[in-house]
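**Student:** what shape does this take:
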Amino acid sequence: MLTDGSGSGRSRIASTIDILDTTDCTPGSVMGAFTDREIYQLMLNGEVDPIVATTIEIADGLVARDIHRVVVDAFELYNPIHDLCSVMAGLAVERAQAATGRAITRYEYAVTQAPSGEGERLDLDAAAIARKLGAAHRYEELSREVDSLIARIGLDALHHEVLKPIETAVALPKLERKPFYETYGEERVAEGHYSTVIRYEPHFRSFAEKLIGACRS
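**Tutor:** Residues are numbered from 1 along each chain as shown. Just a heads-up that it's a prediction; the model follows:
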């Protein structure tokens, strides 16, 4: 959890910890290390050093905990922080593998899209889907996003989880369409809520390239 999820003004850390507790998961050392606004400002300013340090801390954690599998957000061009997490995880895995000489399998999962048919699939029975939906709706700060996702992809898509192996090195895609976050940002600027729009080329891509260069140096 790279940020505290406070893009809308309210931290979601407490709700996230509740989910972790009910699923017997343990927070990592970088959980909620930044606010959403802090990450956006770093991107706009091209200040990559704090993210480099956090990526290295994640890599050190993979080594110390003898981690063999890492699951991360898919690169969906929906939210720049989700995509940044994808890049950071890939770089952390590279560093951990170089330090230990052992392979770490990297997977991605769909965050805002229906799961694809590719990868390792887990079909959920009625009890599991009930627990999943119950947890999702209990997460008050994400209630609108949950309802929107279900309306868009349908309940049937939530009856299975798919973890897609990532077999390629960290690479930034060439765009064939405008990212959702650019369109959304333009609307928010027009409404007076944002002062500027985070763009893929001048902001995200240049920021990520600096991050990649620093972590591989």
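**Student:** which stretches of the protein have low pLDDT?
**Tutor:** Within the chain, the ranges that satisfy pLDDT under 70 run 8.
**Student:** could you name the helices and strands sitting against the host helix or strand of Ser148?
**Tutor:** Per DSSP states H and E: Ser148 is located in helix 143-153. In this structure, helix 143-153 makes packing contacts with helix 126-138, judged by 3 or more Cβ pairs under 8 Å, 6 or more residues apart in numbering; DSSP states H and E. C-beta coordinates here come from the backbone N, C-alpha and C atoms, glycine included.
**Student:** return the host helix or strand of Gly90 as CSV; C-alpha atoms alone will do.
**Tutor:** Secondary structure from DSSP H and E places Gly90 in helix 80-100. The C-alpha trace of helix 80-100 is given here as CSV (Å, rounded to 0.1, in the frame of the first residue of the first chain):
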residue,chain,number,x,y,z
PRO,A,80,-0.9,7.0,-12.2
ILE,A,81,-0.3,5.7,-8.7
HIS,A,82,-1.5,2.2,-9.6
ASP,A,83,0.8,2.2,-12.6
LEU,A,84,3.7,3.5,-10.5
CYS,A,85,3.2,0.6,-8.1
SER,A,86,3.6,-1.7,-11.0
VAL,A,87,6.9,-0.2,-12.0
MET,A,88,8.2,-0.1,-8.4
ALA,A,89,7.3,-3.7,-7.8
GLY,A,90,9.1,-4.8,-11.0
LEU,A,91,12.2,-2.9,-10.0
ALA,A,92,12.2,-4.2,-6.4
VAL,A,93,11.9,-7.7,-7.8
GLU,A,94,14.9,-7.1,-10.1
ARG,A,95,17.0,-5.8,-7.2
ALA,A,96,16.0,-8.7,-4.9
GLN,A,97,16.8,-11.3,-7.5
ALA,A,98,20.2,-9.7,-8.2
ALA,A,99,21.0,-9.7,-4.4
THR,A,100,19.9,-13.3,-3.8
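**Student:** strand partners of the next helix or strand after it, parallel vs antiparallel please.
**Tutor:** Downstream of helix 80-100, the first helix or strand assigned by DSSP H and E is strand 105-109. Under the criterion DSSP bridges, strand 105-109 sits next to strand 69-73 (parallel), strand 160-165 (antiparallel) in its sheet.
**Student:** any idea how far Glu108 is from the residue nearest the centre of the chain?
**Tutor:** With distances taken as Cα atoms, centre = their mean, His82 lies nearest the centre of the chain, 3.3 Å away. The gap separating His82 from Glu108 is 10 Å, by Cβ to Cβ, to the nearest Å.
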